[in-house]
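*Asks:* here is a sequence with its predicted model. Questions after.
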Amino acid sequence: MAEQLKKRLSRIVSISTPDDPDLQCNFFGWRPKWLQIFNNMKVFMLCFVTLGIFRGISHSYFSAMLPSIEKRFGFSSQSVGTVKAMSDVSHLMSALFIAHFGGAGHRPRWIAGGSLLVGLGFLLMAATEIFFPASNISSLATVLFTSSDKNEPLCSASRNESMHGAVDCRKRNDDHIGPLIVLGVAEFIMGLGSTASMILGMPFVDDNVQNKNSPFYFAVSFSGFIFGPVIGLALSAAFNTIYFDFSHPDFRPSDPRWISAWYLGFIISGLGTCLMGLVVSCFPSAIAQTKKHLLARKNAEAKAKEIELAKNGETGVAIVQSKNPARTVHKAKPVTLKDLPINLKRLFTNSIYITKLGGQLLSAFALSGYMSFMQKFLKEQYHLPQSTTNLAGGLPPIFAGFLGIAIGSLIIRHFKLRPKNVCLLMAASSFIASACYFSVIGMGCEKQYIIGVDDVSDPYNITGEDLCVNSHACNCIDFQFSPVCDTETGKTYVSACVAGCRGARRRNGTKYYSDCACTGGGNGTNGTTSTRAHELYVLKMAGRKSNHTGHGRSVIRGGVCPKSCPNFIYYVVAMGIAKFFMGIPMSGILMIQFRVVDVDLKSLASGVSTVIMSVFGHLPAPIVIGKLIDSACRLWQTNKCGERGACWSYNVAEFRVKLHVIVGVARLINCLIEIIIAYKVRNLSFDRNIIETVEPSPDSSKTSSQIDLVPSPEEATAVSGPAEYNRDAQRAEILQEARRKSIFIPDGVVS
């Protein structure tokens, strides 16, 4: 049995091992025979998807941990948006270089090198927690100081303000600049590394599979970026229940003061990305089995005029003859820096590509800003713990999007949709998604009313306000955010001091306050009643019977009063529908991008798209949207000098409208753009072997990169006359044949 297994394994190895060393799997030049078993597209896709999962973890994890990161380092939403934009700065700086040289080089190794950079960026981001201790962040130090029982500022006429230490406000507080720089550098490194995978990954897959299988492989490629965020949300839900220093504070995870152990997920993602990057580096520049199939097909269809052009040195095609004529290899001329302007001109004169790029840019801007702050919106709007919003608000839309991608790929493959049909499918999905985003504007919740914030003109200075607490000589600190809840009335007070509470005790891990002069229905007179209610509640929790028969009912405990909001379920359903329809045409979007440009421009087209969307979409979106969100803040984290940090509480109605209107309008405009593209590609097919008949264009400067080079005989005769038609038809036939065989012919060679 063992001998048979050994023979079978040897046979598999011999079949999988190509003769050309450049097509063999290797690890830094080491090419063992057993490693060649994995030299196929199925194994590559498994590794590529796993790499995408580890990279995709951060996409949702960062957004889910955004509230904790802001409060941990005292960042505003605009500051966080600036950090996230740094990855797009590195995209901008490296995209064209990677697309131009990486597209003609060893693409798996380029992807692997970029993945190692991404992993190091993740680890550097997590190291920020070590580099900048919480005690050095002034806006957070006050919260940590007053969170302990002995330092909490209760209502007291004999409070000594000097106990909190003197602060020289003449000195500018820049303690948030250091973390901002380190996180920005980490994002820059991550963006630099991820550019290679973004630009080179899909073209590599497209070049190594048959056209009819492209939708399936694209859908599989997307699965890494689908399941990665799912795992990221699961990790964030787990780590959001852990306090950042592993202590057990008085308040719960749903409290605005809660700061999670945000850095743990970045450690996991960083180590996994580095490991999978090393694995991907083992693959050759072209998958062996696929390469043999493509070369055999090309050589079987080669014609005499191709060889003749190559012998004259006019086409830039090198013919490498081997001992076996069936193994003749066609290799494109290596690209140089001089070719870049020519190739860019070929792209920018392609009207279909430019129109499609405009639609992608608009969607990128809107969705980038939305995804950056979605989890933050859910927590603020629906008053739920961060772990709950991560799972319930994140998983259903992600699974709906993946289901849409899978179904859309099957539809495109089964019905053999043409580019025109795919564009119409994209337009329909954009329209439905726009309707969903507009609909959720009305799915809000009751405002969380906070006494000491919403009933005063200046929440940062309540001493002169007409409040109950000011008539009881409590000497409350301006400004301290340590909310407490009156469970009877459902009112939230900005602090125990503002509620007039003079005593506190802890039972079963929960802190309860007593002798609160300003609670009990708001009459501000029944401090004894509140104390009795507290005792009754504590005894009830302990399972004891009480002889008290007091009339008190109010129980004051730490944290914000919970609010029920059934609209959260409707919101999740609406977003699930939107993501489902947005996912249906996803595979077709890539197929169209790769089809409307020449074969040799696929990687460069991806690079140009990345640059444009980074400069005008992903880069400014988090900053602009973050600025809009900051304008909806009603209560800022401040230190003793009044310097702002993160936002404690938002005007959620304003937050909701600003976040969703932008996406709704963008999807609606994108719908119109996709209808225009559908008209432009009405005569185009995904199969390059089919010569389409298209209408002539008044633009006489078209190049060989454009898709409408082949006019019908009638049109050619009408335009050029009978004498010119024969030459034009031959030229068009040569160019079409070269494109079909993935052979690059420079402009102006065939005349």
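*Replies:* That came through, no problem.
*Asks:* where does the stretch 651-751 of the chain dip in pLDDT?
*Replies:* Scanning the stretch 651-751 of the chain for pLDDT under 70 picks out 688-751.
*Asks:* beyond the helix or strand of the chain with the lowest mean pLDDT, next helix or strand please.
*Replies:* When each helix and strand of the chain is scored by mean pLDDT, DSSP states H and E, helix 527-541 comes last, with a mean of 40. Once helix 527-541 ends, the next helix or strand along the chain (criterion: DSSP states H and E) is strand 556-558.
*Asks:* next secondary structure after that following strand?
*Replies:* The helix or strand immediately downstream of strand 556-558 is helix 567-583, counting by DSSP H and E.
*Asks:* next, the buried residues of that next one.
*Replies:* 567-568, 571-583 (16 or more other C-beta atoms under 10 Å). For glycine as for every other residue, the C-beta is placed from the backbone atoms N, C-alpha and C.
*Asks:* tell me the gap between whichever helix or strand residue 347 is part of and the middle of its chain.
*Replies:* Per DSSP H and E, residue 347 falls inside helix 339-348. In terms of C-alpha atoms, centre = their mean, to the nearest Å, the centre of helix 339-348 is found 30 Å from the chain centre.
*Asks:* mind listing what's buried along it?
*Replies:* Using 16+ other C-beta under 10 Å as the test for burial, helix 339-348 gives 339, 340, 343, 344, 346, 347.
*Asks:* and the helices in the stretch 301-450 of the chain?
*Replies:* Counting by DSSP state H, counting those that start in this stretch, the stretch 301-450 of the chain has helices at residues 304-311, 339-348, 351-382, 386-415, 419-439.
*Asks:* same deal with the stretch 151-300 of the chain?
*Replies:* Using DSSP H, counting those that start in this stretch, the helices found in the stretch 151-300 of the chain span residues 177-207, 214-239, 264-280, 288-300.
*Asks:* same question for the stretch 1-150 of the chain.
*Replies:* 2-16, 41-64, 66-73, 77-97, 107-131, 138-147.
*Asks:* worst mean pLDDT among those?
*Replies:* Ranked by mean pLDDT, the helices of the stretch 1-150 of the chain bottom out at helix 2-16, which scores a mean of 51.
*Asks:* next, count neighbours for residue 624.
*Replies:* 17 (other C-beta atoms under 10 Å).
*Asks:* try residue 494
*Replies:* Counted with other C-beta under 10 Å, residue 494 comes out at 27.
*Asks:* pretty sure it sits against residue 450.
*Replies:* Yes - taking contacts as C-beta atoms under 8 Å, residue 494 lies within contact range of residue 450: 5.5 Å.
*Asks:* picking up where we left off before, now mean neighbour count and distance to residue 477 too, for the helices of the stretch 1-150 of the chain, in TSV please.
*Replies:* Below are the helices of the stretch 1-150 of the chain laid out as TSV (neighbours: other C-beta atoms under 10 Å; distance: least, C-beta to C-beta, whole Å):
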stretch	mean neighbour count	distance to residue 477
helix 2-16	11	72
helix 41-64	23	32
helix 66-73	24	19
helix 77-97	22	26
helix 107-131	22	28
helix 138-147	20	8
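*Asks:* quick one: contacts for residue 228?
*Replies:* Counting by C-beta atoms under 8 Å, 6 or more residues apart in numbering, residue 228 makes contact with 52, 53, 54, 55, 56, 57, 59, 60.
*Asks:* and the nearest residue to residue 573 once chain neighbours are set aside, how far from residue 481?
*Replies:* Leaving aside its sequence neighbours, residue 573 sits nearest to residue 396 (C-beta to C-beta, 6 or more residues apart in numbering; 7.9 Å). Residue 396 sits 33 Å away from residue 481, taking C-beta to C-beta, to the nearest Å as the criterion.
*Asks:* the more surrounded of the two?
*Replies:* residue 481 (21 against 16).
*Asks:* rewinding a little: so what sits against both of residue 494 and residue 450?
*Replies:* Counting by C-beta under 8 Å, 6+ apart, the contacts common to residue 494 and residue 450 are residue 483.
*Asks:* just the strands from the stretch 601-750 of the chain, written as ranges.
*Replies:* For the stretch 601-750 of the chain, the strands defined by DSSP state E, counting those that start in this stretch cover 633-638, 644-650.
*Asks:* identify the residues contacting the spatially closest residue to residue 220 that is not a sequence neighbour.
*Replies:* Distance criterion C-beta to C-beta, 6+ apart; nearest residue to residue 220, sequence neighbours excluded, is residue 45 at 5.5 Å. Counting by C-beta under 8 Å, 6+ apart, residue 45 touches 205, 217, 220, 221.
*Asks:* okay but the third one is in contact with residue 49, surely?
*Replies:* Yes - between residue 220 and residue 49 a contact is recorded at 6.4 Å, counting by C-beta under 8 Å.
*Asks:* tell me the SS of residue 492?
*Replies:* Counting by DSSP: H, G, I helix; E, B strand; the rest coil, the backbone at residue 492 sits in strand.
*Asks:* bridging residues for it?
*Replies:* As for beta bridges, residue 492 partners with residue 450, residue 485 under DSSP bridges.
*Asks:* how much space separates it from residue 481?
*Replies:* Residue 492 sits 11 Å away from residue 481, going by C-beta to C-beta.
*Asks:* got a list of what the residue nearest to residue 626 when sequence neighbours are not counted touches?
*Replies:* Spatial nearest neighbour of residue 626, excluding adjacent residues (C-beta to C-beta, 6+ apart): residue 81 at 3.3 Å. Residue 81 is in contact with 372, 621, 622, 623, 624, 625, 626, 627, counting by C-beta under 8 Å, 6+ apart.
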